[in-house]
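A.B. asks: Structure, please.
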Amino acid sequence: MLVSKQLTDTLLDNARIITKQSLEIRYECRHTICISRILRYVAQKERTSLAQSQQTPSPSPNNPPTLMA
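C.D. replies: Numbering: from 1, shown residues only. Purely as a prediction, here's the structure:
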């Protein structure tokens, strides 16, 4: 009976530890996924900005842009 009680307590303790570790890992994964999404968004914005700047002709020093009044 005593061995059975000790084994049950050990199993319950291990289950609590695993549950706690699982929650910590889940939190870290969510945090990592969030950071990954933000980095992807920033990279996409940079690519879009770079593509737009390459499509827009740069002003020529011989032909400055005119100001409209």
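A.B. asks: For stretch 19-32, give the mean pLDDT please.
C.D. replies: Taken as a whole, stretch 19-32 has an average pLDDT of 96.
A.B. asks: which parts of that stretch are buried?
C.D. replies: By 16 or more other Cβ atoms under 10 Å, stretch 19-32 has no buried positions at all. The C-beta positions use only the backbone N, C-alpha and C, and glycine is treated the same way.
A.B. asks: what does stretch 37-55 give?
C.D. replies: In stretch 37-55, no residue is buried by neighbour count (16+ other Cβ under 10 Å).
A.B. asks: Mind exporting the C-alpha coordinates of it to PDB?
C.D. replies: Output in PDB follows, covering the C-alpha atoms of stretch 37-55 (Å, rounded to 0.1, in the frame of the first residue of the first chain):
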ATOM      1  CA  ARG A  37       5.100  37.500 -37.900                       C
ATOM      2  CA  ILE A  38       6.300  41.000 -37.000                       C
ATOM      3  CA  LEU A  39       9.600  40.400 -38.700                       C
ATOM      4  CA  ARG A  40       7.900  39.000 -41.800                       C
ATOM      5  CA  TYR A  41       5.700  42.100 -41.900                       C
ATOM      6  CA  VAL A  42       8.700  44.400 -41.600                       C
ATOM      7  CA  ALA A  43      10.600  42.500 -44.300                       C
ATOM      8  CA  GLN A  44       7.600  42.700 -46.600                       C
ATOM      9  CA  LYS A  45       7.300  46.500 -46.000                       C
ATOM     10  CA  GLU A  46      11.000  46.900 -46.800                       C
ATOM     11  CA  ARG A  47      10.700  44.900 -50.000                       C
ATOM     12  CA  THR A  48       7.600  46.900 -51.100                       C
ATOM     13  CA  SER A  49       9.400  50.200 -50.300                       C
ATOM     14  CA  LEU A  50      12.500  49.100 -52.100                       C
ATOM     15  CA  ALA A  51      10.500  48.000 -55.200                       C
ATOM     16  CA  GLN A  52       8.600  51.300 -55.200                       C
ATOM     17  CA  SER A  53      11.800  53.400 -54.900                       C
ATOM     18  CA  GLN A  54      13.400  51.500 -57.800                       C
ATOM     19  CA  GLN A  55      10.300  52.100 -60.000                       C
END
